[in-house]
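J.: Here's my sequence, what's the structure:
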Amino acid sequence: MIDTLDDLDVEGTTVGVRVDINSPIGDDGTLADDARLRAHVDTLSELLERGGRVAVLAHQGRPGGDDFVSLESHAERLSKLLERPVDHVDTTFSDAACEAVRNLENGDCLVLENTRFYSEEYMEFDAERAAETHLVEGLAPALDVYVNDAFAAAHRSQPSLVGFPTVLPGYAGRVMESELDVLGTIEETPEPRIYVLGGAKVPDSIDVAWSVLEKGLADHVLTAGVVGNVFLIADGVDVGDASSDFIYDQGYWDEIDRAADLLDAYGDSIALPRDVAVERDGERHELGVNALPPGDEEAAMDIGSSTLAYYERLLEDAGTVILNGPAGVFEEEAFATGTRQLYGAATDVEMSIVGGGDTASALRSLGVDGFTHVSTGGGAALRMLTAEPLPAVTALEDGPKRQQPADD
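T.: Next up, the predicted model:
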């Protein structure tokens, strides 16, 4: 059982709040998109309005990447979103950081520095070992409780995610609570249930397909994008050298055998593209999958109109649709049609759930909305959909509980 903010006596409490605000960064090294910050506004606002003293923990980018930057601009943007001052501290667990946290007053908020500036945070540990890292041992004494609102990172076992709730009473923030409520009860959603698996995360998508078909959670699985191309090859279709080479270069060639096994076991429940769009003479050109040229110049960039019509007919009868991954190279307008129309059709279903991550970003850029639930996490959402435990959630479940004061 996980406690939520409803179980927390907030006033006067110093709260370490782990969020996931890992965002696109502009050429000037500052925040370029605040969508992930806005997702956590409800949790942070509630804690502050209830008199909490809030220290925000988060990561940004990976070592060596252009987006591996300070959280200073994130703090500036949070100040505007929360409509109150939000300080930035250029360290995370030093004496200076702990002093800044201890000096917070009720309703104050600060953002600690990028947790990944410290090598421990880029490694994964079991919860007990994570609790012994410098990050947790250094900062935990300055905190009363820990709130995890970073569902998008919940599939990782890094110190800021599993170490703090091992030594401090842990609570789920509103984002985390909402995600667990929806994704943790997929088997209770209206039937028939259809999964749409696209994009380029082929191993994850095949894991999901195996899991939901074996457990009877899916009536149909619709494939698109690189995932669709892998299934087409598994079904004996020559998708051309350009598409095949991409699959090979990504290290996904062995996934073709797994896709073939899936087709053998559940072929009647798996829908494959019937036609695709390629770029020819600078324009979109549609071909049946058996008419793809064998050369290396024309790659499948999107599903075609015949596939769209076929998939839309299946969606018309669905009670629930779960979508993960775009249908094609949506970044190019000529090949955004499949993603825009397929996802648009899903919004007419009684319950429509988007698996987050790159998919959510694609939908924002295409202006498609109206879904029942858009997850903030790609990898974490996929783990939940395959009934795999999330380390950060397990840490919240197993950690110490706070002794609430007795009523007078």
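
J.: From now on I want contacts and neighbour counts done on CA atoms only, so please keep to that.
T.: Will do.

J.: How is the chain partitioned into domains?
T.: Partitioning the chain according to automatic domain parsing yields domains covering residues 5-176, 184-385.

J.: Out of the ones you listed, which gets nearest to residue 398?
T.: Each of the domains of the chain has some distance to residue 398 by Cα to Cα; the shortest is domain 5-176, at 7.5 Å.

J.: Do you know the pLDDT at residue 356?
T.: The pLDDT attached to residue 356 in the predicted structure is 69.

J.: and what of residue 403?
T.: Turning to residue 403, the model gives it a pLDDT of 58.

J.: next one: residue 338
T.: At residue 338, the model reports a pLDDT of 94.

J.: how far is the helix or strand containing it from where the chain is centred?
T.: According to DSSP states H and E, residue 338 maps onto helix 337-346. Using Cα atoms, centre = their mean, to the nearest Å, the mean C-alpha position of helix 337-346 is found 20 Å from that of the whole chain.

J.: Convert it to CSV, retaining C-alpha atoms only.
T.: Taking only C-alpha atoms (Å, rounded to 0.1, in the frame of the first residue of the first chain), the coordinates of helix 337-346 have been written out as CSV:
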residue,chain,number,x,y,z
THR,A,337,-0.6,11.5,-41.6
GLY,A,338,-0.6,8.0,-40.1
THR,A,339,0.2,9.2,-36.5
ARG,A,340,-2.3,12.1,-36.7
GLN,A,341,-5.2,10.2,-38.0
LEU,A,342,-4.7,6.9,-36.1
TYR,A,343,-4.3,8.7,-32.8
GLY,A,344,-7.2,11.0,-33.6
ALA,A,345,-9.4,8.0,-34.2
ALA,A,346,-8.4,6.6,-30.8
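
J.: C-terminal to that helix, what's the next element?
T.: As assigned by DSSP H and E, the chain's next helix or strand after helix 337-346 is strand 351-354.

J.: For that following strand, enumerate the helices and strands it packs against.
T.: With contacts taken as 3 or more Cα pairs under 8 Å, 6 or more residues apart in numbering; DSSP states H and E, strand 351-354 sits against strand 320-324, strand 373-374.

J.: hang on, the earlier thing: so which of the domains of the chain comes closest to residue 397?
T.: For the domains of the chain, distance to residue 397 was read as Cα to Cα. The smallest value, 8.2 Å, belongs to domain 5-176.

J.: So, low pLDDT: which residues of the stretch 151-300 of the chain?
T.: For the stretch 151-300 of the chain, residues meeting the criterion pLDDT under 70 lie at 295-296.

J.: Where do the helices of the stretch 151-300 of the chain begin and end?
T.: 164-167, 174-183, 202-214, 225-234, 241-249, 255-266 (DSSP state H, counting those that start in this stretch).

J.: hmm, I was thinking of the stretch 301-408 of the chain
T.: Per DSSP H, counting those that start in this stretch, the stretch 301-408 of the chain carries helices over the ranges 305-316, 337-346, 358-366, 379-385, 391-398.

J.: Having no further points to raise, I will conclude here.
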